[in-house]
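# sequence? don't have it. structure:
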(Lines give C-alpha, C1' and ligand atoms only; values in the text may rest on other atoms or scores of the structure.)
Protein backbone atom coordinates (compact mmCIF):
# COMPACT_ATOMS: atom_id res chain seq x y z
CA UNK A 1 0.00 0.00 0.00
CA UNK A 2 1.34 3.45 -0.96
CA UNK A 3 2.17 5.79 1.83
CA UNK A 4 -0.67 8.14 2.78
CA UNK A 5 -0.43 11.91 2.91
CA UNK A 6 -1.05 11.79 6.64
CA UNK A 7 1.88 9.41 7.16
CA UNK A 8 4.12 11.66 5.08
CA UNK A 9 3.05 14.68 7.16
CA UNK A 10 3.66 12.88 10.49
CA UNK A 11 7.11 11.61 9.50
CA UNK A 12 8.05 15.02 8.13
CA UNK A 13 7.13 16.60 11.47
CA UNK A 14 9.20 14.03 13.35
CA UNK A 15 12.22 14.54 11.10
CA UNK A 16 11.99 18.32 11.45
CA UNK A 17 11.80 17.88 15.24
CA UNK A 18 15.06 15.96 15.09
CA UNK A 19 16.60 18.83 13.15
CA UNK A 20 15.37 21.35 15.74
CA UNK A 21 16.81 19.32 18.62
CA UNK A 22 20.06 18.84 16.75
CA UNK A 23 20.39 22.63 16.43
CA UNK A 24 20.38 22.86 20.23
CA UNK A 25 23.55 20.76 20.56
CA UNK A 26 26.00 23.60 20.98
CA UNK A 27 29.81 23.34 21.11
CA UNK A 28 31.10 22.84 24.65
CA UNK A 29 33.19 25.98 24.31
CA UNK A 30 29.92 27.96 24.27
CA UNK A 31 28.06 26.25 27.12
CA UNK A 32 30.55 25.06 29.75
CA UNK A 33 31.75 27.71 32.25
CA UNK A 34 35.10 27.03 33.86
CA UNK A 35 38.19 28.88 34.96
CA UNK A 36 40.93 28.84 32.31
CA UNK A 37 43.20 26.60 34.42
CA UNK A 38 40.52 23.89 34.46
CA UNK A 39 39.97 23.89 30.70
CA UNK A 40 40.99 21.07 28.42
CA UNK A 41 44.19 21.53 26.47
CA UNK A 42 43.49 23.03 23.02
CA UNK A 43 44.49 19.79 21.30
CA UNK A 44 41.91 17.80 23.30
CA UNK A 45 39.21 20.49 23.04
CA UNK A 46 39.70 20.76 19.29
CA UNK A 47 39.68 17.00 18.79
CA UNK A 48 36.41 16.58 20.73
CA UNK A 49 34.63 19.58 19.21
CA UNK A 50 35.73 18.64 15.67
CA UNK A 51 34.56 15.06 16.11
CA UNK A 52 31.13 16.09 17.44
CA UNK A 53 30.73 18.84 14.82
CA UNK A 54 31.47 16.33 12.08
CA UNK A 55 28.86 13.99 13.56
CA UNK A 56 26.27 16.79 13.67
CA UNK A 57 26.94 17.66 10.03
CA UNK A 58 26.55 14.03 8.97
CA UNK A 59 23.32 13.74 10.92
CA UNK A 60 22.00 16.99 9.43
CA UNK A 61 22.74 15.51 6.02
CA UNK A 62 20.90 12.29 6.86
CA UNK A 63 17.78 14.18 8.00
CA UNK A 64 17.95 16.44 4.95
CA UNK A 65 18.21 13.45 2.63
CA UNK A 66 15.32 11.75 4.38
CA UNK A 67 13.10 14.81 4.03
CA UNK A 68 14.08 15.09 0.37
CA UNK A 69 13.13 11.45 -0.12
CA UNK A 70 9.74 12.04 1.55
CA UNK A 71 9.07 14.94 -0.80
CA UNK A 72 10.41 13.25 -3.91
CA UNK A 73 8.93 10.83 -6.40
CA UNK A 74 10.70 7.76 -4.99
CA UNK A 75 8.48 7.59 -1.92
CA UNK A 76 5.37 7.20 -4.05
CA UNK A 77 6.17 3.53 -4.56
CA UNK A 78 7.10 3.06 -0.89
CA UNK A 79 4.81 1.97 1.92
CA UNK A 80 4.33 3.67 5.27
CA UNK A 81 6.30 0.82 6.82
CA UNK A 82 9.25 1.54 4.50
CA UNK A 83 9.15 5.25 5.38
CA UNK A 84 8.94 4.48 9.10
CA UNK A 85 11.86 2.05 8.84
CA UNK A 86 14.00 4.72 7.18
CA UNK A 87 13.07 7.28 9.84
CA UNK A 88 13.79 4.82 12.66
CA UNK A 89 17.31 4.37 11.33
CA UNK A 90 17.84 8.16 11.29
CA UNK A 91 16.50 8.46 14.84
CA UNK A 92 18.82 5.69 16.07
CA UNK A 93 21.74 7.61 14.62
CA UNK A 94 20.47 10.73 16.37
CA UNK A 95 20.33 8.92 19.72
CA UNK A 96 23.85 7.61 19.14
CA UNK A 97 25.01 11.20 18.59
CA UNK A 98 23.37 12.20 21.89
CA UNK A 99 25.11 9.30 23.65
CA UNK A 100 28.47 10.52 22.40
CA UNK A 101 27.64 14.10 23.37
CA UNK A 102 26.73 12.93 26.88
CA UNK A 103 29.95 10.93 27.13
CA UNK A 104 32.09 14.00 26.51
CA UNK A 105 29.70 16.22 28.46
CA UNK A 106 30.34 14.12 31.58
CA UNK A 107 34.05 14.64 31.11
CA UNK A 108 33.90 18.37 30.47
CA UNK A 109 31.15 19.43 32.89
CA UNK A 110 33.28 18.47 35.91
CA UNK A 111 35.79 21.11 34.85
CA UNK A 112 33.41 23.72 36.25
CA UNK A 113 33.47 22.17 39.74
CA UNK A 114 35.37 24.21 42.32
CA UNK A 115 38.89 22.78 42.81
CA UNK A 116 38.03 19.48 41.13
CA UNK A 117 38.10 21.11 37.71
CA UNK A 118 41.60 22.48 38.19
CA UNK A 119 42.85 19.23 39.71
CA UNK A 120 41.51 17.30 36.73
CA UNK A 121 43.43 19.63 34.45
CA UNK A 122 46.52 18.85 36.55
CA UNK A 123 45.86 15.13 36.14
CA UNK A 124 45.65 15.67 32.37
CA UNK A 125 49.22 16.99 32.58
CA UNK A 126 50.32 13.94 34.61
CA UNK A 127 48.70 11.59 32.09
CA UNK A 128 50.32 13.36 29.14
CA UNK A 129 53.72 13.11 30.81
CA UNK A 130 53.22 9.42 31.64
CA UNK A 131 52.34 8.68 28.01
CA UNK A 132 55.21 10.62 26.46
CA UNK A 133 58.24 8.62 25.29
CA UNK A 134 61.42 10.23 24.03
CA UNK A 135 62.23 8.84 20.61
CA UNK A 136 59.14 9.49 18.47
CA UNK A 137 57.82 5.94 18.79
CA UNK A 138 54.27 7.14 18.34
CA UNK A 139 52.11 10.24 18.22
CA UNK A 140 50.43 10.40 21.62
CA UNK A 141 46.73 11.31 21.57
CA UNK A 142 45.27 13.87 23.98
CA UNK A 143 44.28 12.43 27.37
CA UNK A 144 41.44 13.85 29.47
CA UNK A 145 40.41 12.78 32.97
CA UNK A 146 37.15 12.79 34.87
CA UNK A 147 35.92 11.57 38.26
CA UNK A 148 33.49 8.75 38.92
CA UNK A 149 32.35 6.34 41.63
CA UNK A 150 34.06 3.07 42.49
CA UNK A 151 37.54 2.06 43.66
CA UNK A 152 39.12 1.43 40.25
CA UNK A 153 40.05 3.54 37.27
CA UNK A 154 39.25 2.79 33.62
CA UNK A 155 40.12 4.09 30.18
CA UNK A 156 38.31 4.50 26.91
CA UNK A 157 41.31 4.48 24.61
CA UNK A 158 41.76 6.92 21.77
CA UNK A 159 41.20 5.55 18.27
CA UNK A 160 38.73 2.93 19.48
CA UNK A 161 35.08 2.67 18.47
CA UNK A 162 32.59 4.85 20.33
CA UNK A 163 29.00 3.85 21.14
CA UNK A 164 27.02 4.36 17.97
CA UNK A 165 30.12 4.29 15.75
CA UNK A 166 33.02 6.57 15.06
CA UNK A 167 36.59 6.67 16.35
CA UNK A 168 37.26 8.18 19.76
CA UNK A 169 39.40 11.33 19.21
CA UNK A 170 40.92 11.37 22.73
CA UNK A 171 41.81 8.95 25.52
CA UNK A 172 39.34 9.33 28.39
CA UNK A 173 40.48 8.17 31.84
CA UNK A 174 37.94 7.64 34.60
CA UNK A 175 39.54 8.42 37.96
CA UNK A 176 37.96 7.11 41.19
CA UNK A 177 36.84 9.93 43.47
CA UNK A 178 37.98 8.02 46.55
CA UNK A 179 41.60 8.35 45.40
CA UNK A 180 41.52 12.15 45.22
CA UNK A 181 43.86 13.48 46.49
CA UNK A 182 46.80 11.19 47.31
CA UNK A 183 49.79 9.59 45.61
CA UNK A 184 47.67 6.48 45.01
CA UNK A 185 45.95 8.42 42.25
CA UNK A 186 49.11 8.09 40.17
CA UNK A 187 49.01 4.29 40.33
CA UNK A 188 45.47 4.16 38.93
CA UNK A 189 45.98 6.95 36.40
CA UNK A 190 49.29 5.73 35.00
CA UNK A 191 48.03 2.13 34.86
CA UNK A 192 45.23 3.30 32.54
CA UNK A 193 47.69 5.41 30.55
CA UNK A 194 49.72 2.22 30.24
CA UNK A 195 46.83 0.59 28.40
CA UNK A 196 46.92 3.43 25.86
CA UNK A 197 50.71 3.29 25.55
CA UNK A 198 50.66 -0.50 25.14
CA UNK A 199 48.09 -0.19 22.35
CA UNK A 200 50.17 2.45 20.55
CA UNK A 201 53.25 0.19 20.75
CA UNK A 202 51.30 -3.04 20.12
CA UNK A 203 52.99 -4.46 23.20
CA UNK A 204 50.40 -7.09 24.07
CA UNK A 205 50.48 -8.65 20.62
CA UNK A 206 54.28 -8.68 20.63
CA UNK A 207 54.43 -10.44 24.03
CA UNK A 208 51.63 -12.94 23.41
CA UNK A 209 53.60 -15.29 21.10
CA UNK A 210 56.32 -15.57 23.75
CA UNK A 211 53.75 -16.59 26.35
CA UNK A 212 52.27 -19.12 23.95
CA UNK A 213 55.73 -20.59 23.39
CA UNK A 214 56.13 -20.97 27.16
CA UNK A 215 52.87 -22.93 27.24
CA UNK A 216 54.36 -25.40 24.75
CA UNK A 217 57.33 -26.27 26.89
CA UNK A 218 59.17 -23.25 28.15
CA UNK A 219 59.24 -24.41 31.75
CA UNK A 220 56.58 -24.45 34.42
CA UNK A 221 52.98 -25.56 34.27
CA UNK A 222 51.25 -24.79 30.95
CA UNK A 223 48.12 -23.80 32.90
CA UNK A 224 50.04 -20.99 34.59
CA UNK A 225 51.28 -19.62 31.27
CA UNK A 226 47.76 -19.79 29.87
CA UNK A 227 46.64 -17.56 32.73
CA UNK A 228 49.54 -15.16 32.23
CA UNK A 229 48.52 -14.85 28.58
CA UNK A 230 44.91 -14.21 29.60
CA UNK A 231 46.04 -11.46 31.96
CA UNK A 232 48.85 -9.94 29.89
CA UNK A 233 47.05 -6.69 29.03
CA UNK A 234 46.62 -5.78 32.71
CA UNK A 235 50.13 -7.00 33.53
CA UNK A 236 51.68 -4.77 30.87
CA UNK A 237 49.71 -1.77 32.20
CA UNK A 238 50.92 -2.56 35.74
CA UNK A 239 54.48 -2.75 34.39
CA UNK A 240 54.08 0.64 32.70
CA UNK A 241 52.83 2.15 35.96
CA UNK A 242 55.73 0.66 37.90
CA UNK A 243 58.27 2.07 35.44
CA UNK A 244 56.74 5.53 35.71
CA UNK A 245 55.96 5.92 39.42
CA UNK A 246 58.05 3.21 41.11
CA UNK A 247 56.89 1.76 44.41
CA UNK A 248 53.93 4.14 44.37
CA UNK A 249 52.42 1.87 41.70
CA UNK A 250 52.53 -1.12 44.04
CA UNK A 251 51.22 0.83 47.02
CA UNK A 252 48.35 2.13 44.92
CA UNK A 253 47.60 -1.36 43.62
CA UNK A 254 47.41 -2.68 47.17
CA UNK A 255 44.91 0.06 47.94
CA UNK A 256 42.71 -0.92 45.00
CA UNK A 257 42.69 -4.71 45.44
CA UNK A 258 42.46 -4.83 49.24
CA UNK A 259 39.08 -6.52 49.15
CA UNK A 260 37.32 -9.17 51.24
CA UNK A 261 39.41 -12.33 51.37
CA UNK A 262 37.17 -14.31 49.01
CA UNK A 263 37.72 -11.76 46.21
CA UNK A 264 41.48 -11.51 46.78
CA UNK A 265 41.92 -15.24 46.17
CA UNK A 266 39.24 -15.67 43.52
CA UNK A 267 40.81 -17.08 40.36
CA UNK A 268 38.52 -16.50 37.40
CA UNK A 269 40.04 -17.60 34.11
CA UNK A 270 37.56 -15.38 32.22
CA UNK A 271 38.61 -12.22 34.06
CA UNK A 272 41.31 -10.19 32.25
CA UNK A 273 42.62 -9.04 35.66
CA UNK A 274 45.02 -11.32 37.53
CA UNK A 275 43.81 -12.79 40.80
CA UNK A 276 44.53 -9.91 43.25
CA UNK A 277 46.75 -11.95 45.58
CA UNK A 278 49.05 -12.86 42.69
CA UNK A 279 48.83 -9.44 41.10
CA UNK A 280 50.37 -7.69 44.10
CA UNK A 281 53.10 -10.32 44.39
CA UNK A 282 53.85 -9.89 40.68
CA UNK A 283 54.12 -6.12 41.15
CA UNK A 284 56.64 -6.73 43.92
CA UNK A 285 58.55 -9.18 41.73
CA UNK A 286 58.72 -6.70 38.86
CA UNK A 287 59.81 -3.95 41.26
CA UNK A 288 62.49 -6.18 42.74
CA UNK A 289 63.87 -6.84 39.25
CA UNK A 290 63.79 -3.25 37.98
CA UNK A 291 64.52 -1.39 41.22
CA UNK A 292 66.49 -3.69 43.56
CA UNK A 293 65.76 -2.69 47.14
CA UNK A 294 64.70 -4.40 50.42
CA UNK A 295 61.33 -2.61 50.29
CA UNK A 296 59.87 -5.19 47.91
CA UNK A 297 60.37 -8.08 50.34
CA UNK A 298 58.89 -5.93 53.09
CA UNK A 299 55.81 -5.12 51.01
CA UNK A 300 55.37 -8.72 49.93
CA UNK A 301 55.51 -9.95 53.53
CA UNK A 302 53.00 -7.27 54.50
CA UNK A 303 50.62 -8.41 51.75
CA UNK A 304 50.95 -12.05 52.84
CA UNK A 305 50.20 -11.03 56.41
CA UNK A 306 47.03 -9.28 55.26
CA UNK A 307 45.93 -12.32 53.28
CA UNK A 308 47.65 -15.53 54.43
CA UNK A 309 47.21 -18.40 51.98
CA UNK A 310 46.79 -20.90 54.81
CA UNK A 311 43.39 -22.54 54.77
CA UNK A 312 42.83 -22.38 51.03
CA UNK A 313 41.62 -25.48 49.22
CA UNK A 314 44.40 -27.68 47.75
CA UNK A 315 43.47 -26.89 44.10
CA UNK A 316 43.71 -23.17 44.87
CA UNK A 317 47.06 -23.59 46.58
CA UNK A 318 48.37 -25.60 43.65
CA UNK A 319 47.29 -22.98 41.09
CA UNK A 320 48.84 -20.16 43.13
CA UNK A 321 52.05 -22.15 43.55
CA UNK A 322 52.29 -22.74 39.80
CA UNK A 323 51.85 -19.04 39.14
CA UNK A 324 54.51 -18.12 41.69
CA UNK A 325 56.94 -20.71 40.30
CA UNK A 326 56.62 -19.25 36.80
CA UNK A 327 56.67 -15.63 37.97
CA UNK A 328 60.45 -15.08 37.72
CA UNK A 329 60.45 -16.25 34.10
CA UNK A 330 57.52 -13.95 33.31
CA UNK A 331 59.28 -10.96 34.90
CA UNK A 332 62.44 -11.74 32.94
CA UNK A 333 60.45 -11.90 29.74
CA UNK A 334 58.87 -8.48 30.38
CA UNK A 335 62.10 -6.81 31.43
CA UNK A 336 64.07 -8.12 28.45
CA UNK A 337 61.35 -7.78 25.82
CA UNK A 338 62.27 -5.60 22.85
CA UNK A 339 59.18 -5.17 20.68
CA UNK A 340 59.52 -4.17 17.02
CA UNK A 341 57.76 -0.87 17.77
CA UNK A 342 60.64 0.19 20.04
CA UNK A 343 63.23 -0.53 17.34
CA UNK A 344 65.43 -2.84 19.39
CA UNK A 345 65.01 -1.13 22.76
CA UNK A 346 63.14 -2.27 25.85
CA UNK A 347 60.57 -0.40 27.90
CA UNK A 348 63.19 0.06 30.61
CA UNK A 349 65.42 1.82 28.08
CA UNK A 350 62.83 4.22 26.67
CA UNK A 351 61.34 5.04 30.08
CA UNK A 352 64.74 5.65 31.71
CA UNK A 353 64.10 3.31 34.65
CA UNK A 354 67.39 4.37 36.22
CA UNK A 355 65.86 7.75 37.07
CA UNK A 356 63.34 6.00 39.35
CA UNK A 357 65.75 3.92 41.42
CA UNK A 358 64.68 4.16 45.11
CA UNK A 359 67.88 5.73 46.38
CA UNK A 360 67.75 8.42 43.72
CA UNK A 361 64.11 9.15 44.57
CA UNK A 362 65.05 9.42 48.25
CA UNK A 363 67.83 11.87 47.42
CA UNK A 364 65.45 13.97 45.33
CA UNK A 365 62.92 14.08 48.17
CA UNK A 366 65.55 15.40 50.59
CA UNK A 367 66.80 17.88 48.00
CA UNK A 368 63.29 19.13 47.23
CA UNK A 369 62.60 19.58 50.94
CA UNK A 370 65.44 22.09 50.96
CA UNK A 371 64.56 23.59 47.59
CA UNK A 372 60.82 23.08 46.89
CA UNK A 373 60.87 25.20 43.73
CA UNK A 374 62.84 22.49 41.94
CA UNK A 375 60.04 19.98 42.54
CA UNK A 376 57.57 22.18 40.71
CA UNK A 377 59.83 22.22 37.66
CA UNK A 378 60.20 18.41 37.50
CA UNK A 379 58.17 16.06 35.31
CA UNK A 380 54.84 15.21 37.00
CA UNK A 381 55.35 11.43 36.83
CA UNK A 382 58.78 11.79 38.46
CA UNK A 383 57.25 13.90 41.22
CA UNK A 384 54.67 11.18 41.90
CA UNK A 385 57.45 8.59 41.96
CA UNK A 386 59.37 10.63 44.54
CA UNK A 387 56.30 11.16 46.73
CA UNK A 388 55.30 7.50 46.46
CA UNK A 389 58.78 6.50 47.60
CA UNK A 390 58.56 8.94 50.50
CA UNK A 391 55.23 7.41 51.55
CA UNK A 392 56.76 3.94 51.40
CA UNK A 393 59.69 5.13 53.52
CA UNK A 394 57.43 6.84 56.06
CA UNK A 395 59.03 10.24 55.48
CA UNK A 396 55.85 11.84 54.11
CA UNK A 397 52.68 11.91 56.20
CA UNK A 398 49.33 11.38 54.44
CA UNK A 399 48.09 14.83 55.51
CA UNK A 400 51.22 16.54 54.15
CA UNK A 401 50.99 14.48 50.97
CA UNK A 402 47.38 15.54 50.32
CA UNK A 403 48.17 19.22 50.85
CA UNK A 404 51.26 19.00 48.65
CA UNK A 405 49.45 17.24 45.82
CA UNK A 406 46.68 19.83 45.85
CA UNK A 407 49.29 22.52 45.27
CA UNK A 408 51.09 20.45 42.62
CA UNK A 409 47.96 19.64 40.62
CA UNK A 410 46.96 23.30 40.69
CA UNK A 411 50.47 24.30 39.61
CA UNK A 412 50.55 21.84 36.70
CA UNK A 413 47.12 22.99 35.54
CA UNK A 414 48.13 26.65 35.70
CA UNK A 415 51.53 26.03 34.07
CA UNK A 416 49.92 24.15 31.19
CA UNK A 417 47.38 26.94 30.71
CA UNK A 418 49.99 29.69 30.75
CA UNK A 419 52.37 27.76 28.49
CA UNK A 420 49.57 27.21 26.01
CA UNK A 421 48.61 30.89 26.16
CA UNK A 422 52.24 31.88 25.58
CA UNK A 423 52.51 29.60 22.54
CA UNK A 424 49.25 30.96 21.10
CA UNK A 425 50.37 34.50 21.77
CA UNK A 426 53.72 33.95 20.07
CA UNK A 427 51.98 32.36 17.09
CA UNK A 428 49.59 35.30 16.81
CA UNK A 429 52.51 37.73 17.01
CA UNK A 430 54.27 35.94 14.16
CA UNK A 431 51.11 36.08 12.05
CA UNK A 432 50.71 39.79 12.74
CA UNK A 433 54.35 40.38 11.81
CA UNK A 434 53.94 38.49 8.54
CA UNK A 435 50.75 40.37 7.69
CA UNK A 436 52.48 43.68 8.44
CA UNK A 437 55.34 42.74 6.16
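Received it, and whenever you're ready, just let me know what you need. Every value quoted in this text rests on a predicted model; they were computed, and no experiment measured them.

# what residues does residue 328 make contact with?
residue 285 (C-beta atoms under 8 Å, 6 or more residues apart in numbering). No exception for glycine: its C-beta is placed from N, CA and C like everyone else's.

# now do it, the pLDDT please.
Looking at residue 328, its pLDDT stands at 96.

# show me which positions of the host helix or strand of it end up buried.
In the assignment (DSSP states H and E), residue 328 maps to helix 314-336. Buried residues in helix 314-336, counted by 16 or more other C-beta atoms under 10 Å: 316, 319-320, 322-324, 326-327, 329-331, 333-334.

# centre of the chain to that helix, how far?
27 Å (C-alpha atoms, centre = their mean, to the nearest Å).

# domain map for this structure?
Per the TED database, the domain ranges recorded for the chain read 5-112, 186-352, 358-423.

# from these, which stretch is densest packed?
domain 186-352 (a mean of 19; mean count of other C-beta atoms under 10 Å).

# ends of that one, how far apart?
By C-alpha to C-alpha, to the nearest Å, the extent of domain 186-352 from end to end equals 18 Å.

# ok, back up a step: closest to residue 139 out of the domains of the chain?
With C-beta to C-beta as the criterion, residue 139 lies closest to domain 186-352 of the domains of the chain, at 8.2 Å.

# and the strands in the protein?
Counting by DSSP state E, the segments of the chain that form strands are 143-148, 154-156, 171-176.

# could I get the ones you listed as CSV with mean pLDDT and distance to residue 76?
Below are these laid out as CSV (pLDDT from 0 to 100; distance: least, C-beta to C-beta, whole Å):
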stretch, mean pLDDT, distance to residue 76
strand 143-148, 91, 49
strand 154-156, 93, 45
strand 171-176, 91, 47
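
# ranking those by burial, who's on top?
Sorting the strands of the chain by mean neighbours (by mean count of other C-beta under 10 Å), the first place falls to strand 171-176, with a mean of 24.

# elements contacting that strand?
If contacts are counted by 3 or more C-beta pairs under 8 Å, 6 or more residues apart in numbering; DSSP states H and E, strand 171-176 sits against helix 116-131, strand 143-148, strand 154-156, helix 184-201.

# direction included, what does it pair up with?
strand 143-148 (parallel), strand 154-156 (antiparallel) (DSSP bridges).

# ok, which of the helices and strands packed on strand 171-176 comes nearest residue 11?
strand 154-156 (35.1 Å).

# chain center to the closest one: distance?
Here strand 154-156 shows a centroid-to-chain-centroid distance of 5 Å under the convention C-alpha atoms, centre = their mean.

# make CSV from the strands paired with strand 171-176 and add distance to residue 185 to it.
Converted to CSV, those look like this (distance: least, C-beta to C-beta, whole Å):
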stretch, distance to residue 185
strand 143-148, 10
strand 154-156, 14
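
# to residue 356, which of these lies closest?
Per C-beta to C-beta, nearest to residue 356 of the strands paired with strand 171-176: strand 143-148, 20.7 Å.

# skip the chain neighbours and tell me the closest residue to residue 141.
residue 158 (3.6 Å; C-beta to C-beta, 6 or more residues apart in numbering).

# contact partners for that neighbour?
141-143, 168-171, 196.

# out of these, what pair is the most spread apart?
So, the contacts of residue 158 by C-beta to C-beta: farthest apart are 169 and 196, at 13.2 Å.

# give the residues shared as contacts by those two.
Shared contacts of residue 169 and residue 196, counting by C-beta under 8 Å, 6+ apart, come down to 141, 158.

# about what we covered before: residue 88: which of the contacts of residue 158 is nearest?
Closest to residue 88 out of the contacts of residue 158 is residue 168 (25.9 Å), distances taken as C-beta to C-beta.

# how about the closest one, what does it touch?
156-162.

# same question, residue 327
For residue 327, the contacting residues are 278, 281-282, 285, by C-beta under 8 Å, 6+ apart.

# distance-wise, check it relative to residue 14.
61 Å (C-beta to C-beta, to the nearest Å).

# with residue 58 instead?
Plainly put, residue 58 is 19 Å away from residue 14 if you go by C-beta to C-beta.

# and if you look at residue 236?
In terms of C-beta to C-beta, residue 236 sits 49 Å off from residue 14.

# go on, residue 248?
Distance from residue 248 to residue 14, counting by C-beta to C-beta: 55 Å.

# same question for residue 263.
Computed as C-beta to C-beta, the residue 263 to residue 14 distance reads 49 Å.

# dump the domains of the chain into a markdown table; add distance to residue 122 as well.
Shown next, in a markdown table, are the domains of the chain (distance: least, C-beta to C-beta, whole Å):
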| stretch | distance to residue 122 |
| --- | --- |
| domain 5-112 | 9 |
| domain 186-352 | 11 |
| domain 358-423 | 3 |
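
# pick out the shakiest of these, pLDDT-wise.
Of all the domains of the chain, the minimum mean pLDDT falls on domain 5-112 (a mean of 87).

# mind checking which of the strands paired with strand 171-176 is nearest residue 213?
Nearest of those (C-beta to C-beta): strand 154-156, 29.2 Å.

# so what touches the closest one?
103, 162, 168, 171-174, 192-193, 195-196.

# between the residues you listed, which sits nearest residue 31?
residue 103 (15.6 Å).

# would you confirm that the closest one contacts residue 169?
No. The criterion here is C-beta atoms under 8 Å, and residue 103 misses it with residue 169 at 11.4 Å.

# in the stretch 201-350 of the chain, which spans are helices?
Along the stretch 201-350 of the chain, counting by DSSP state H, counting those that start in this stretch, helices occupy 203-215, 222-245, 247-257, 261-264, 276-290, 295-306, 314-336, 347-350.

# quick one: contacts for the closest residue in space to residue 261 that isn't next to it in sequence?
Leaving aside its chain neighbours, residue 261 sits nearest to residue 307 (6.1 Å; criterion: C-beta to C-beta, 6+ apart). Contacts for residue 307 were tallied using C-beta under 8 Å, 6+ apart; they are 261, 264-265, 277.

# swap in 7 Å and give it another go.
The contact partners of residue 307, taken as C-beta atoms under 7 Å, 6 or more residues apart in numbering, are 261, 264, 277.
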